[in-house]
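1. please find the sequence and the predicted model below.
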Amino acid sequence: MSKIFLTRRIPKPGLMKLNEYTDDYAIFPPDKPITEKELIEDISSVEGLICLLTDPITRNVIDSGRKLRIIANYAVGYDNIDIDYATNKGIIVTNTPGVLTDATAELTWALLFACTRRIVEADMFSREGRFDGWSPTLLLGKGLKGKILGIIGAGRIGTAFVLKGIGFGVKVLYSDPYINEVLEKKTGAKRVKMEELLRKSDFISLHISLKESTHHLIGAREISLLKPSACLINTSRGPIVDEKALIRALKDGKIGGAGLDVYEDEPNIPEELIELTNVVLLPHIGSATHEARNKMAVMAVENLIAGLEGKKPPNQVNIK
Ligand code: DGY
């Protein structure tokens, strides 16, 4: 049995780095997410694990990795890992921050524009041969200038998202436990309580990590505070939004629309969402650029190697 296990083939630059270090590794062969049961079967003699955000690194999995020393997650979010349990067992956990910030911030704008300018609808309209000439009222959308953009979470990705939008002329509100001086100085962003942000914003974008305290942070009550024309964008984690409450609001026209890259029970996208036309649905591709995914692969491998060599990995998130 190999010393290192990868739950999925990662991009080449990461594998090249790993090959420079060792050939004593195994990759889960099927090109599909590994299950908890399969993980338990496969990692009994593994010291280093490279896993994905889809892999349930539960107590049982951690217990089955009797020799496990480091779990290097190929993602910035690590809500798939029972971090407290790993920490209690002295197992290092790492993530891949920074290298996917631009990709995710760019995709957030893509999603926002897809919603405000009805890009998906317009594409389908064109393909279906329904374009019979320019019209003053064809597929009208919403402009950005002067509108209020509210971001919940002003960390790396939230900040990059807003900074990339300088020039669109939006006014920015943000809610975050910390003051973000860069955002305030560069964009005039104002820090407000989440409730005020929800009431006032035309577009709301979520940029927080999933923890117990953020599960269903946007529930029925929060959604009821939104303007009827508001558009909610989620590129963070699905369970931050109560999906059922969101579907109800979208169906009843209580909010204008939504742009979702993430879902409560991935990869399942509820049929009711699929049937709605006021929502744009993406398959969790926030970080899906060649550049970001290559860098994530190298970073995960560097973290893994450092951990196995007894050094502090650059992106250790536990056991400080
Ligand atoms: C992450 O790294 O957490 C992202 O969701 C991947 O797209």
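-> Happy to help now that I have it. Numbers count the residues shown, from 1 in each chain.

2. spell out the secondary structure type for the closest residue to the ligand within the stretch 101-250 of the chain.
-> At 6.6 Å from the ligand, T104 is the closest residue in the stretch 101-250 of the chain, using CB to the nearest ligand atom. Backbone N, C-alpha and C define where each C-beta goes, glycine included. Following DSSP: H, G, I helix; E, B strand; the rest coil, the label given to T104 is helix.

3. contact partners for the residue lying closest to it once chain neighbours are set aside?
-> Counting by CB to CB, 6 or more residues apart in numbering, the nearest residue to T104 once its immediate chain neighbours are dropped is G286, at 4.1 Å. By CB atoms under 8 Å, 6 or more residues apart in numbering, the residues touching G286 are 100, 103-104, 107-108, 235, 261-262.

4. could I get the residues you listed in a markdown table, plus columns for neighbour count, pLDDT and secondary structure?
-> Formatted as a markdown table, the contacts of G286 follow (neighbours: other CB atoms under 10 Å; pLDDT from 0 to 100; DSSP: H, G, I helix; E, B strand; the rest coil):
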| residue | neighbour count | pLDDT | secondary structure |
| --- | --- | --- | --- |
| L100 | 25 | 98 | coil |
| A103 | 22 | 98 | helix |
| T104 | 24 | 98 | helix |
| L107 | 24 | 98 | helix |
| T108 | 28 | 98 | helix |
| T235 | 25 | 98 | coil |
| D261 | 24 | 98 | coil |
| V262 | 22 | 98 | coil |
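
5. which one of those residues is nearest L308?
-> Nearest to L308 among those is L100, at 23.7 Å by CB to CB.

6. how far away is the closest one from the ligand?
-> Going from L100 to the ligand by CB to the nearest ligand atom, to the nearest Å gives 5 Å.

7. what residues does this structure put near the ligand?
-> Residues of the chain lying close to the ligand (CB under 6 Å from any ligand atom) are 53, 75-77, 100, 286-287.

8. just put the residues you listed in JSON lines and tack on secondary structure.
-> JSON lines is the format used below for the residues of the chain next to the ligand (three-state DSSP):
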{"residue": "L53", "secondary structure": "coil"}
{"residue": "A75", "secondary structure": "coil"}
{"residue": "V76", "secondary structure": "coil"}
{"residue": "G77", "secondary structure": "coil"}
{"residue": "L100", "secondary structure": "coil"}
{"residue": "G286", "secondary structure": "coil"}
{"residue": "S287", "secondary structure": "coil"}
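
9. in TSV: the residues you listed, plus distance to K254.
-> Output for the residues of the chain next to the ligand, formatted as TSV (distance: CB to CB, whole Å):
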residue	distance to K254
L53	31
A75	33
V76	32
G77	29
L100	33
G286	26
S287	31
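
10. burial measure for the residue lying closest to P56 once chain neighbours are set aside, as a count.
-> Take P56 and drop its neighbours on the chain: the residue closest to it by CB to CB, 6+ apart is E36, 4.7 Å away. Per other CB atoms under 10 Å, the neighbour tally for E36 reads 14.

11. same thing with A288?
-> Neighbours of A288 under the rule other CB under 10 Å: 15.

12. for the closest residue in space to it that isn't next to it in sequence, give me its contacts.
-> Nearest residue to A288, sequence neighbours excluded (CB to CB, 6+ apart): A103, at 7.0 Å. By CB under 8 Å, 6+ apart, the contact set of A103 is 286-289, 291-292.

13. in the stretch 201-320 of the chain, what residue is nearest the ligand?
-> S287 (3.5 Å).

14. am I right that that residue is in contact with A297?
-> No. Applying CB atoms under 8 Å as the test, S287 and A297 come out as separate, 11.3 Å apart.

15. pull out the buried residues from the lengthiest helix in the chain.
-> Longest helix of the chain, by residue count under DSSP state H: helix 290-308. Neighbour counts using 16 or more other CB atoms under 10 Å place 292-308 of helix 290-308 among the buried residues.

16. got it, and stretch 102-118?
-> Those would be 102-108, 110-118, for stretch 102-118 by 16+ other CB under 10 Å.

17. which residues sit against the longest helix of the chain?
-> Residues contacting helix 290-308 (CB under 8 Å, 6+ apart): 3-4, 10-15, 17-18, 21, 47-48, 50, 69-70, 72-75, 92, 94, 96, 99-100, 102-104, 287, 312-316.
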